[in-house]
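predicted model, plus sequence, below.
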Amino acid sequence: MDKIRIRGGKPLNGSITVGGAKNAALPLMTAALLTDETLTLTNLPILADINTLCNLLLQHGVAIHLAGAEKDCAGREIAFTARDVTNTTAPYDLVRKMRASVLVLGPLVARCGEAKVSLPGGCAIGARPVDLHIRGLEAMGADIRIEGGYVVAKAPPGGLRGAEFVFPKVSVGATENLLMAATLAKGTTVLVNAAREPEVTDLAECLVKMGARIGGIGTDRLTIEGVDRLHGARHSIVPDRIETGTYAMAAAITGGQLDILNTRLDLIKAAVKSLAPAGVSFTEIDNGIRVSRTNGRLQGIDVMTEPFPGFPTDLQAQMMAVMCTASGAAMITETIFENRFMHAPELMRMGARITVHGSSALVRGVERLTGAPVMATDLRASVSLVLAGLAAEGETVVNRVYHLDRGYERLEDKLSACGADIERIRSEEE
Ligand SMILES: CC(=O)N[C@H]1[C@@H](OP(=O)(O)OP(=O)(O)OC[C@H]2O[C@@H](n3ccc(=O)[nH]c3=O)[C@H](O)[C@@H]2O)O[C@H](CO)[C@@H](O)[C@@H]1O
Ligand SMILES: C=C(OP(=O)(O)O)C(=O)O
């Protein structure tokens, strides 16, 4: 398993180009199952999760054509053609590698009338059930059973029917699954208390390009009038706001200045709202954002994670790392996942003072962190340890960085180009 070694204490200066959002790319790729024509996605990030989903789509019969890297862009272009869906089973071996695989469920039932998708199971950050995906499809007339660890779904004769579904809690994945399913259902579907994350909006906009009729895009009430068929389209994936926020925090924690390119300030409003009063400056520049912390130590501030437009849970671990060296205390409250503080004990190994009480973590800032060997437990926890390592005195070795490779493209190259002393230690051992 690869490791990352960092010798910390250097302010970062330079520019970093952000890729397309992993969390938009994954549902968009599964949307290719909804049509027999070609869906071409551009600004696709090069990540382990994208490869995992390509493997799943291949075994559903989707033809995948890699058009190569785009000029002046971190991403690449891939054409997905699901002319015939040859297999409607998503097997455990592929789904267990990545929970987002469950996003094939809605498109398969809508297009083929049936699907058998492995239950993804829990993960390090929480139990993460898929009951809302199932209940929503049932409301649209699907017959669903759980058999041998699989969700076995069948559409009624004549196909899924439009329905009103009120989400009892906001779910990004369930909104995406039901939105995709509803595009091919008979009649009108209304999704109430739907997720409003930019990745959901990006999916909806692509579906419209494919011929879907969707109202209320960007709001928590989506109205979808089903159509008989969707067609091909070409779509550029929205910039990754979590990667953007992560590099903004790299500038903040190291006291440097970064130009973060191929991204937009409006995507990270909630993070700016928290980081600006803490002492981080944000300016819009051509094709991106300039982020700096030039005036001494940051101030501790309180943060609570919430569905969009609130502070994203996927930036909570990075924010905790930043608060570790701020002056004063910071209370960080996680409301989305029940077990998303796995990075706290690892940060404490680097000298952070953190007390976790249930869903809140009290961080009392220290003057400086010290490097240590640490263990990554999930994607964002991993990158929070990298951020802490960039600011720490001495050497930090982050183990189990395969989590990082799910969501950050060439992280060590991007950071070292801005002056970080960071390298990957490759290992053949699994
Ligand atoms: C690939 C992708 O886009 N992943 C993102 C997506 O995950 P994902 O779509 O899995 O997250 P959800 O928004 O569905 O989960 C939010 C909360 O709802 C719960 N829940 C969800 C579905 C369900 O059927 N029942 C249920 O109880 C979950 O356990 C969690 O507590 O949104 C999360 C919340 O912004 C992000 O952290 C993930 O990075
Ligand atoms: C939790 C995340 O991803 P996933 O939903 O794919 O596990 C994430 O991107 O931080």
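That came through, no problem. Ligands and ions are numbered 1, 2, ... in the order given.

skip the chain neighbours and tell me the closest residue to residue 4.
On the basis of C-beta to C-beta, 6 or more residues apart in numbering, the spatially nearest residue to residue 4 that is not a chain neighbour turns out to be residue 398, at 4.5 Å. C-betas here are computed from N, CA, C, even on glycine.

the one you found: neighbour count?
Using other C-beta atoms under 10 Å, residue 398 has 29 neighbouring residues.

let's verify it: helix, strand, or coil?
When the structure is split into helix, strand and coil by DSSP: H, G, I helix; E, B strand; the rest coil, residue 398 lands in strand.

identify the bridge partners of it.
residue 4, residue 374 (DSSP bridges).

the lowest-mean-pLDDT helix or strand in the chain: partners in the sheet, and parallel or antiparallel?
Of all helical and strand segments in the chain, the minimum by mean pLDDT, DSSP states H and E falls on strand 63-69, at a mean of 82. Partner strands and pairing direction for strand 63-69 (DSSP bridges) are strand 76-81 (antiparallel).

how far does the helix or strand following the partner strand sit from its chain's centre?
Toward the C-terminus, strand 76-81 is succeeded by strand 89-90 as the next helix or strand (DSSP states H and E). Centroid separation between strand 89-90 and its chain, computed with C-alpha atoms, centre = their mean, to the nearest Å, is 23 Å.

buried sites along the helix or strand following strand 89-90?
Per DSSP H and E, strand 89-90 leads on to helix 92-95 as the next helix or strand towards the C-terminus. Residues of helix 92-95 classed as buried under the neighbour-count rule (16 or more other C-beta atoms under 10 Å) are 92, 94-95.

what's the answer for stretch 34-47, then?
34-35, 37-45, 47.

closest to ligand 1 out of those residues?
The shortest approach to ligand 1 among the buried residues of stretch 34-47 belongs to residue 47, at 11.3 Å (C-beta to the nearest ligand atom).

what is the nearest of the buried residues of helix 92-95 to residue 331?
Set against residue 331, the nearest of the buried residues of helix 92-95 by C-beta to C-beta is residue 95 (36.2 Å).

got the contact list for residue 384?
317-318, 320-321, 343, 347 (C-beta atoms under 8 Å, 6 or more residues apart in numbering).

again with residue 296
residue 279.

try the one 5 residues further on
Counting by C-beta under 8 Å, 6+ apart, residue 301 makes contact with 274, 277-278, 323, 326, 330.

if we can go back for a sec, report the two of the buried residues of stretch 34-47 separated the most.
Maximum pairwise distance among those (C-beta to C-beta): 25.6 Å, between 37 and 47.

between which two of the contacts of residue 301 is the distance greatest?
277 and 323 (12.6 Å).

more neighbours: which of those two?
Set residue 277 next to residue 323 and count neighbours by other C-beta under 10 Å: residue 323 wins out with 31 against 11.

tell me the spacing between that one and ligand 1.
The spacing between residue 323 and ligand 1, counted by C-beta to the nearest ligand atom, to the nearest Å, is 19 Å.

isn't that residue up against residue 330?
Yes - under the criterion of C-beta atoms under 8 Å, residue 323 makes contact with residue 330 at 3.9 Å.

quick check: neighbours shared by the two?
Common neighbours of residue 323 and residue 330, using C-beta under 8 Å, 6+ apart, are 300-301, 363, 365.

the residue of the chain found nearest ligand 2: neighbour count?
With C-beta to the nearest ligand atom as the measure, residue 314 is the residue of the chain nearest to ligand 2, at 4.0 Å. Using other C-beta under 10 Å, the number of residues around residue 314 comes to 25.

returning to what we had before: the buried residues of helix 92-95: which ones sit near ligand 2?
The subset of the buried residues of helix 92-95 within reach of ligand 2, counting by C-beta under 6 Å from any ligand atom, is empty.

wait, residue 321 touches residue 343, no?
Yes - with contact taken as C-beta under 8 Å, residue 321 and residue 343 are classed as touching, separated by 7.4 Å.

residue contacts, the residue in the stretch 151-300 of the chain positioned nearest to ligand 1?
When you check the stretch 151-300 of the chain against ligand 1 by C-beta to the nearest ligand atom, the closest residue turns out to be residue 173, at 2.8 Å. When contacts are counted by C-beta under 8 Å, 6+ apart, residue 173 is found next to 27, 99-100, 102-103, 130, 133.

farthest-separated two in these?
It's 27 and 130 that sit farthest apart of these, by C-beta to C-beta, at 14.2 Å.
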